[in-house]
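Engineer: Take this sequence and fold it.
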Amino acid sequence: MLHYILGGIALFILWIIASYNGFVRLKNRFQEAWSDIETQMKRRYNLIPNLMETVKGYAKHEKETLDAVVKARTAAMSATGTPNEQAEAENMLQSTLKSIFALSESYPDLKANANFIDLQHELTDAEDKIQAARRFYNNTVQAFNTKVEMFPSNFIAKTFGFVRQDFFQLDEPAARKPVKVKF
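Structural biologist: Next up, the predicted model:
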């Protein structure tokens, strides 16, 4: 009879250890995924000044648009906090970048400029990588949040302080719409 009790206690302890380690593994995965997002955002931030200089040469009187991009880049680079808070700054930057590409439609010489085309491709590539990193992050957060909420692992989560994490998502309706080009 004592063997069964000791065996049950041993199994319970092993379950606690396995559950805790599962939480740690998932936490490390979503932290790695967030790091990937930050890396790609920094790459994009570094490309923007080059794009701005190229556009300035062609569209000197479009100062308002260029200033909006610079302001949005600065806000996005200095954003810290939760993924939702950083997503807000990223939404604004993404929206202003769309306006730069829309501006290129008004300037055929700019649109044909090799530097502009290269930078546009680089930014598009950066955006694609950010989207992929964001999907990976959101998938790992979803797995983590599911484990935090599911029975019986929710007891381990509460005991060791594992809490739900925020998704990185677009909340700004304007960022989901295409930019309108006016001539």
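Engineer: ok, which stretches of the protein are helices?
Structural biologist: Counting by DSSP state H, one finds helices in the chain at the ranges 2-58, 63-78, 83-104, 108-112, 114-149, 153-160, 173-176.
Engineer: For stretch 13-30, which outside residues touch it?
Structural biologist: Residues outside stretch 13-30 that contact it (CB atoms under 8 Å, 6 or more residues apart in numbering) are 137, 140-141, 143-144, 147-148, 153, 156-157, 160, 162, 165. Where you see a C-beta, it was placed from the backbone N, CA and C, and this is true even at glycine.
Engineer: before we move on, the earlier item: winner for burial among the helices of the chain?
Structural biologist: By mean neighbour count, with neighbours taken as mean count of other CB atoms under 10 Å, helix 83-104 ranks first of these at a mean of 20.
Engineer: Return the residues in contact with Ala114.
Structural biologist: Counting by CB under 8 Å, 6+ apart, Ala114 has no contacts.
Engineer: From Asn50, how far off is it?
Structural biologist: Per CB to CB, to the nearest Å, Ala114 is found 13 Å from Asn50.
Engineer: Kindly report the same for Leu93.
Structural biologist: In terms of CB to CB, Leu93 sits 15 Å off from Asn50.
Engineer: With Gly7 instead?
Structural biologist: As judged by CB to CB, Gly7 and Asn50 stand 66 Å apart.
Engineer: same check, this time on Val148
Structural biologist: Remark: distance between Val148 and Asn50 (CB to CB) = 42 Å.
Engineer: Repeat that for Tyr4.
Structural biologist: Applying CB to CB to Tyr4 and Asn50 gives a distance of 70 Å.
Engineer: Next, the contact list for the residue nearest to Lys56 when sequence neighbours are not counted, please.
Structural biologist: Leaving out its chain neighbours, the residue that sits closest to Lys56 by CB to CB, 6 or more residues apart in numbering is Leu66, at 6.4 Å. Listed by CB under 8 Å, 6+ apart, the contact set of Leu66 reads Met52, Val55, Lys56, Ala59, Ile100.
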